[in-house]
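**Q** Quick one: sequence plus predicted model below, questions after.
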Amino acid sequence: MSVNYNISSELNLIIYPCKGLITGSELLKTARLAYLDKRRRYGMVSIIDLLSAKVDFDLQDLKQFISWENELKTNGFEPEKIVILTQNKGIHLTNEALNLMSSKVILKLNVFDSLENAIASLGLSESLQEILQFWKESKSLSEKL
């Protein structure tokens with residue numbers, strides 16, 4: 001199990017490289033740590049890399065995520081963009097379920113099968129090489145922990 005994060009203020013990104021079996025509560029705990037990081041600022045795009053991970057999410061994890069997003073909205077913050085990288089079709093279905101379950105907040109959550117596809121969808125193609133480099137650095141740092 002390994003969930004970590006890395007922040008690039010220059011690219012306006014937070015990358016969560018994940019490896020092994022990951023639970024929803026572990027991912028939310030790490031996201032809360034990143035949320036409190038001094039380098040983080042409102043409006044950053046979060047990329048959750050599940051390409052090397054297996055996920056164990058349950059309905060309670062999904063409800064906690066929606067509750068957190070609703071709490072942010074109540075405090076005057078709009079949802080930030082979240083991208084999940086995975087080849088798991090179940091995660092794609094989970095994304096659809098989250099969007100249906102979230103009644104107070106319109107989530108900005110998308111699922112892609114590659115980082116390149118996510119970058120293109122986010123309109124960040126001009127920063128492709130820098131983002132790929134940051135992603136590789138983040139994965140490398142994560143493996144050392």
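**A** Sure thing, it's come through.

**Q** For the lowest-mean-pLDDT helix or strand in the chain, name the packing helices and strands.
**A** Least confident element among the helices and strands of the chain, by mean pLDDT, DSSP states H and E: helix 59-74 (a mean of 73). Judged by 3 or more Cβ pairs under 8 Å, 6 or more residues apart in numbering; DSSP states H and E, the packing partners of helix 59-74 are helix 24-36, helix 89-101. Bear in mind the C-beta positions are built from the backbone N, C-alpha and C, glycine included.

**Q** Alpha carbons of it, as CSV, please.
**A** Coordinates of the C-alpha atoms in helix 59-74 are reproduced here as CSV (Å, rounded to 0.1, in the frame of the first residue of the first chain):
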residue,chain,number,x,y,z
LEU,A,59,-19.9,3.0,-0.5
GLN,A,60,-18.8,4.7,2.7
ASP,A,61,-15.6,6.0,1.0
LEU,A,62,-17.7,7.5,-1.8
LYS,A,63,-20.0,9.1,0.8
GLN,A,64,-17.0,10.6,2.6
PHE,A,65,-15.7,12.0,-0.6
ILE,A,66,-19.0,13.6,-1.4
SER,A,67,-19.4,14.9,2.1
TRP,A,68,-15.9,16.6,1.9
GLU,A,69,-16.8,18.2,-1.4
ASN,A,70,-20.1,19.4,0.0
GLU,A,71,-18.3,20.8,3.1
LEU,A,72,-16.0,22.8,0.8
LYS,A,73,-19.0,24.1,-1.1
THR,A,74,-20.6,25.2,2.1
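
**Q** Next, name the residue at the spatial heart of the protein.
**A** Geometric centre of the chain, nearest residue: Ile48, 3.4 Å, by Cα atoms, centre = their mean.
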